[in-house]
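K.L.:
Sequence first, then the predicted structure:
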Amino acid sequence: MTHRRVSFVFPQQPSDPRAILPYGELVRDSPFHALWVGQSLRIESHPALAYLAGAGCHVPVGISVGLTALRHPLDAAVQARSLAALADRPVSVGYGAADADFVTSVTGRPYAKPAAAVEEYVTVMRALLSGERVRHKGALFELDSMLPPLEHAPLEIGAGVLRPAMARAAGRAAESAMTWLTPPEYLAGTVIPNLAVGAAQAGRDTPPRVVAMVPVGFSGPGRNPMLLAQNTVINHLRKVHYTDMLRQAGLDVDRSDPVAGARELVDEGVFVYGKPGDVAAEIRRYHDVGVDEVVLNVTGISNLYGDDALIADLRAMAEELAEEPAGQQAGGGGAR
């Protein structure tokens, strides 16, 4: 079953865990489904989200995406289920290969086949979390181990997906496919069909659900969509794998000119800008092509105007979601 969930991303790599609490409370008290974070190299993502539970705020949470080069899949499995045990609400953790330069800086060489690397990683994680004794000798890892039993809330393991090969790999191995910057037409024509191909190759009855991180800016006095877009996605537009995906989707972008790329995203509506009602209409386009959960990437608002302005915008968006017709509302954050 495909849901029509709406969530949002915590806008920073946290350096003070208390900063995340108002965002968790907003999820708890609104139609937003979950609070998501990206990979943090300040306070690491898992303990940052665990802080919420320690502060008494229990909401569904997600990480999109952790980077495979930073930890062994055994440790990734331990971290993910520890978070699920502490959060006491559903947890989604996705892993992605990152770009070749980053992988080389951490491991000494790039992945020869990034999609195969993520598939191996997620397969090992999922087997460990299923309680299996894992005897694995693959291209990247060797492992002979199993985890001791631990009760925890539902835990979903996903993969970061941009292009067809990674979509097929996720279809074979992951429970969710987590995308960034992917236009709805590209999801419908490329990502979702390749997820289905991968699932069929692995004999799976159901492809992974799709979680789409969508860059968003809310309009207001003195606000400029170009500045918001740059402050939301400019780092992505410097990366080969993002610009290649966007060109496959028909956009005119080049990593050598990320400012022009941001303008293209605004012009083509990939960067969603407008009042909450306008944003809700664009979210429906993603749901209509088969996206289970749309996650609003609102980092540009925080970068330019601060947390108070962003919280106010998200509250206005929550009011808009609460007025959605029956069957189109996001799932409430407080429910298990």
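P.N.:
Received, thanks. Since this is a predicted model, take the numbers as computed values, not measurements.

K.L.:
What pLDDT is listed against T2?
P.N.:
Predicted confidence (pLDDT) for T2: 78.

K.L.:
Next one: the closest residue to it other than its chain neighbours, what pLDDT does it get?
P.N.:
Nearest non-adjacent residue to T2, counting by CB to CB, 6 or more residues apart in numbering: D292, 5.1 Å away. C-beta coordinates here come from the backbone N, C-alpha and C atoms, glycine included. What the model reports as pLDDT for D292 is 98.

K.L.:
and if you look at E324?
P.N.:
78.

K.L.:
quick one: it and A280 touch, right?
P.N.:
Yes. Look at E324 against A280 with CB atoms under 8 Å: they come within range, at 6.9 Å.

K.L.:
okay, those two: which has more neighbours?
P.N.:
Shown here are E324 and A280; by other CB atoms under 10 Å, A280 has more neighbours (19 against 16).

K.L.:
Quick check: pLDDT value at that one.
P.N.:
At A280, the predicted lDDT confidence score is 98.

K.L.:
so it touches E320, yeah?
P.N.:
Yes. A280 is within contact range of E320, at 5.1 Å (criterion: CB under 8 Å).

K.L.:
Can you check which residues contact both of these two?
P.N.:
Counting by CB atoms under 8 Å, 6 or more residues apart in numbering, A280 and E320 have no shared contacts at all.

K.L.:
For R135, give me the backbone phi and psi.
P.N.:
Main-chain dihedrals, R135, degrees, to the nearest 10: phi -110, psi 100.

K.L.:
likewise L155?
P.N.:
Per-residue torsions, L155: phi -130, psi 120 (degrees, to the nearest 10).

K.L.:
in what helix or strand does the nearest residue to it once chain neighbours are set aside lie?
P.N.:
Leaving aside its chain neighbours, L155 sits nearest to A84 (4.3 Å; criterion: CB to CB, 6+ apart). Assigned by DSSP states H and E, A84 belongs to helix 73-87.

K.L.:
that older thread, touching both of E324 and A280, which residues are there?
P.N.:
What both E324 and A280 touch, as defined by CB under 8 Å, 6+ apart, is an empty set.

K.L.:
Do I have it right that Y51 meets Y23?
P.N.:
No. Between Y51 and Y23 there is no contact under CB under 8 Å: 11.5 Å.

K.L.:
and those two? which has more neighbours close in?
P.N.:
Set side by side, Y51 and Y23 show more neighbours around Y23, with 24 against 20, by other CB under 10 Å.

K.L.:
Quick check: which helices or strands does the helix or strand hosting R263 pack against?
P.N.:
Following DSSP H and E, one finds R263 within helix 258-267. Secondary-structure packing of helix 258-267 (3 or more CB pairs under 8 Å, 6 or more residues apart in numbering; DSSP states H and E): helix 225-233, helix 240-248.

K.L.:
what's the closest of the ones you listed to L155?
P.N.:
helix 240-248 (26.6 Å; CB to CB).

K.L.:
and the angle from the closest one to helix 258-267?
P.N.:
Angle, helix 240-248 to helix 258-267, by axes from the mean of the first three to the mean of the last three CA atoms, to 10 degrees: 40 degrees.

K.L.:
max-length strand in the chain?
P.N.:
Assignment by DSSP state E gives strand 209-218 as the longest strand of the chain.

K.L.:
export that one as PDB, just CAs?
P.N.:
Presented in PDB, the C-alpha positions along strand 209-218 are these (Å, rounded to 0.1, in the frame of the first residue of the first chain):
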ATOM      1  CA  ARG A 209       8.600   2.200  -1.100                       C
ATOM      2  CA  VAL A 210       9.800   5.500  -2.400                       C
ATOM      3  CA  VAL A 211      10.800   8.400  -0.100                       C
ATOM      4  CA  ALA A 212      11.500  11.600  -2.000                       C
ATOM      5  CA  MET A 213      13.400  14.500  -0.500                       C
ATOM      6  CA  VAL A 214      12.000  17.500  -2.300                       C
ATOM      7  CA  PRO A 215      13.700  21.000  -2.000                       C
ATOM      8  CA  VAL A 216      11.200  23.600  -0.800                       C
ATOM      9  CA  GLY A 217      11.100  27.300  -0.100                       C
ATOM     10  CA  PHE A 218       8.100  29.100   1.300                       C
END
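
K.L.:
pLDDT averaged over that strand, what's the number?
P.N.:
On average, strand 209-218 scores 98.

K.L.:
ok, that strand: who's next to it in the sheet?
P.N.:
Strand pairing for strand 209-218, determined by DSSP bridges: strand 176-180 (parallel), strand 272-274 (parallel), strand 293-297 (parallel).

K.L.:
so how far is stretch 179-190 off the chain centroid?
P.N.:
How far stretch 179-190 lies from its chain's middle: 14 Å, per CA atoms, centre = their mean, to the nearest Å.

K.L.:
CA atoms only for it - export them in PDB, please.
P.N.:
Output of stretch 179-190 as PDB, limited to C-alpha atoms (Å, rounded to 0.1, in the frame of the first residue of the first chain):
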ATOM      1  CA  THR A 179      15.800  10.000  -3.500                       C
ATOM      2  CA  TRP A 180      17.000  13.700  -3.500                       C
ATOM      3  CA  LEU A 181      16.200  16.300  -6.200                       C
ATOM      4  CA  THR A 182      14.400  13.800  -8.400                       C
ATOM      5  CA  PRO A 183      11.600  15.400 -10.500                       C
ATOM      6  CA  PRO A 184       8.300  13.500 -10.300                       C
ATOM      7  CA  GLU A 185       8.400  12.700 -14.000                       C
ATOM      8  CA  TYR A 186      11.800  11.100 -13.600                       C
ATOM      9  CA  LEU A 187      10.600   9.100 -10.600                       C
ATOM     10  CA  ALA A 188       7.700   7.800 -12.700                       C
ATOM     11  CA  GLY A 189       9.600   7.100 -15.800                       C
ATOM     12  CA  THR A 190      13.000   5.900 -14.500                       C
END
